[in-house]
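Novice: I would like to see how this sequence folds:
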Amino acid sequence: TEYALTRSGRLNNRIYVPEVNAFTCGQLMFFFMLQTAYTGALLHIDTFNQPGVEEGKNATYALLGRAGYEEKAKELNGKKAKTEKYII
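Specialist: Residues are numbered from 1 along each chain as shown. All right, here's what the predicted structure looks like:
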């Protein structure tokens with residue numbers, strides 16, 4: 001994959017870690033979080049605003065019957081059934 005990406009002129013990274021442990025995993029997590037924040041800033045996207053995640057949480061709460069989410073439960077129960085037409 002690295003070869004194919006490089007050959008086609010696509011950006012890619014190779015990351016070496018001296019060993020796999022909690023410290024290096026933490027370093028990788030920090031690296032990717034920082035990379036996400038910088039990429040969002042360059043693309044003028046707020047990477048810390050996740051409306052899709054919040055909507056998923058609200059749907060989960062409604063489906064589990066959490067108090068205060070009755071209207072969302074009605075909305076979800078009234079939605080159209082999924083169609084198999086476009087599944088590949």
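Novice: On the pLDDT front, check K85 for me.
Specialist: With respect to pLDDT, K85 scores 68.
Novice: make that P51, sorry
Specialist: Reported pLDDT for P51: 75.
Novice: Dead centre of this structure: give me the residue that sits there.
Specialist: Compute the mean C-alpha point of the chain, and by C-alpha atoms, centre = their mean the closest residue is V53, 8.2 Å away.
Novice: That one is in what secondary structure piece?
Specialist: helix 51-63 (DSSP states H and E).
Novice: Any idea how far that helix is from the middle of the chain?
Specialist: Its chain's C-alpha centre and that of helix 51-63 lie 14 Å apart, by C-alpha atoms, centre = their mean, to the nearest Å.
Novice: just stretch 37-57 next, same as before
Specialist: 9 Å.
Novice: Residues contacting it, please?
Specialist: Stretch 37-57 is contacted by residues T36 when judged by C-beta atoms under 8 Å, 6 or more residues apart in numbering. Any C-beta I mention is one placed from the backbone N, CA and C, and that applies to glycine too.
Novice: Next, the contact list for L11, please.
Specialist: L5.
Novice: Let's verify it: helix, strand, or coil?
Specialist: Under DSSP: H, G, I helix; E, B strand; the rest coil, L11 falls in the coil class.
Novice: Can you show me the helices along this protein?
Specialist: Shown for the chain, the helices assigned by DSSP state H span residues 2-7, 22-42, 51-63, 70-77.
Novice: could the ones you listed go into TSV alongside distance to N13?
Specialist: What follows is these, written out as TSV (distance: least, C-beta to C-beta, whole Å):
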stretch	distance to N13
helix 2-7	9
helix 22-42	9
helix 51-63	26
helix 70-77	40
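Novice: Relative to L11, how far out is G26?
Specialist: 25 Å (C-beta to C-beta, to the nearest Å).
Novice: Pull the contacting residues for the spatially closest residue to T24 that is not a sequence neighbour.
Specialist: Nearest-residue entry for T24: V17, 4.4 Å, with adjacent residues in sequence omitted and distances by C-beta to C-beta, 6 or more residues apart in numbering. By C-beta under 8 Å, 6+ apart, V17 lies in contact with T24, Q27, L28.
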